[in-house]
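Novice: Compute the structure for the input listed below.
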Amino acid sequence: MICLANRLLREGCWKMRLVAAVLVFLFDPFVIGTSLPAQLRHPLPAIQLVNQMVQAETAAMRNRQHFLYRKEERSNRTKGHLWDELVVETSDGPMQRLISEDGKPLSNSQKKAEDKRIAYLANHPAEFRRETQKRKEDDARMPDLLRELPRIFLFKTVGSEGDYTRIAFQPNPLFQEESYQDRVVHAMSGVLLIHMTDMRLCELDAHFEHKVEFGYGLLGTVSDESHFSITRKEVSPGQWKTITIRVHIDGSILLLKSISRDVDSSQYGFKLVAPDLTVAEAAAIVRSNTF
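Specialist: Numbering: from 1, shown residues only. Take a look at the predicted model:
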């Protein structure tokens, strides 16, 4: 039983994180009544637009550049505090330095603790890679997840605004769930926004259609009040980054272990960095850069 619970937690979390990171939305309806129907401007069926978006996003993953940016986050990770961090991306994962907490600069003791933590990671790159391994695994699974989307959901074009087309999605009743994570993803519906020139995903809002239960609720549940949203924009030619994430996942495993997750974060001020930064070089940047 405990092994099954661990499997549920392990299988469920990565895909929820991915969907939260790429489609990784809180269902926030847009005013579409006065907009020109996208079917009149973009005659392709919604499923074809989604497939083109998936192809563009998959290709972009192979040509991603690395950035230095600021990140503000309030989440389980920050224990409910508002963290302002400086982040630099590397091939091994993001190096982060805490700048302030709840709008207040770090105390001298907090600064020393951050310096000590970052220095340790710089001198022990294997430990840094271990800490960021889960993120890399999620990134590696992302192309497969994107390719699954047209099979999991039904899509309908519902509006158009300038160079953007809005598409609603809902569970495909013909989709055969094969895992616990499939059941979680398949329970969602919402709206996504596609940039028609670049065929890139700009926004996605999603909520759960119903409560998801494992073993008739005895093994675990995910609340129907769970929801998430992300917003993305082009920060450099051909480079789109997530700029806001809103996640609320409420659930439990074996009615004991919580899998609840809350994230409210925003990223801004993106600056290109070298694509081959070492862990030590990334550490030096976050230690010295005041942004």
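Novice: Quick one: residues contacting residue 123.
Specialist: Residue 123 is in contact with residue 280, counting by CB atoms under 8 Å, 6 or more residues apart in numbering. C-beta coordinates here come from the backbone N, C-alpha and C atoms, glycine included.
Novice: What distance do you get for it to residue 249?
Specialist: Distance, residue 123 to residue 249, by CB to CB, to the nearest Å: 36 Å.
Novice: burial measure for the residue nearest to residue 105 when sequence neighbours are not counted, as a count.
Specialist: Nearest residue to residue 105, sequence neighbours excluded (CB to CB, 6 or more residues apart in numbering): residue 99, at 7.7 Å. Neighbours of residue 99 under the rule other CB atoms under 10 Å: 19.
Novice: Do I have it right that residue 99 meets residue 106?
Specialist: Yes: applying CB atoms under 8 Å, one finds residue 99 in contact with residue 106, separated by 7.2 Å.
Novice: how about the helices in this protein?
Specialist: 2-22, 38-41, 46-61, 108-123, 125-152, 180-186, 279-288 (DSSP state H).
Novice: can you tell which of the ones you listed is closest to residue 258?
Specialist: Closest of these to residue 258 is helix 2-22, at 10.0 Å (criterion: CB to CB).
Novice: Residue ranges in the stretch 51-200 of the chain under the pLDDT threshold?
Specialist: The model of the stretch 51-200 of the chain has no residue with pLDDT under 70.
Novice: Give me the neighbour count for residue 260.
Specialist: Neighbourhood size, residue 260 [other CB under 10 Å]: 13.
Novice: residues in contact with it?
Specialist: 76, 249-252.
Novice: Would you reformat those as JSON lines and include neighbour count and distance to residue 65?
Specialist: Output for those, formatted as JSON lines (neighbours: other CB atoms under 10 Å; distance: CB to CB, whole Å):
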{"residue": "76", "neighbour count": "13", "distance to residue 65": "29"}
{"residue": "249", "neighbour count": "24", "distance to residue 65": "30"}
{"residue": "250", "neighbour count": "18", "distance to residue 65": "36"}
{"residue": "251", "neighbour count": "24", "distance to residue 65": "36"}
{"residue": "252", "neighbour count": "18", "distance to residue 65": "39"}
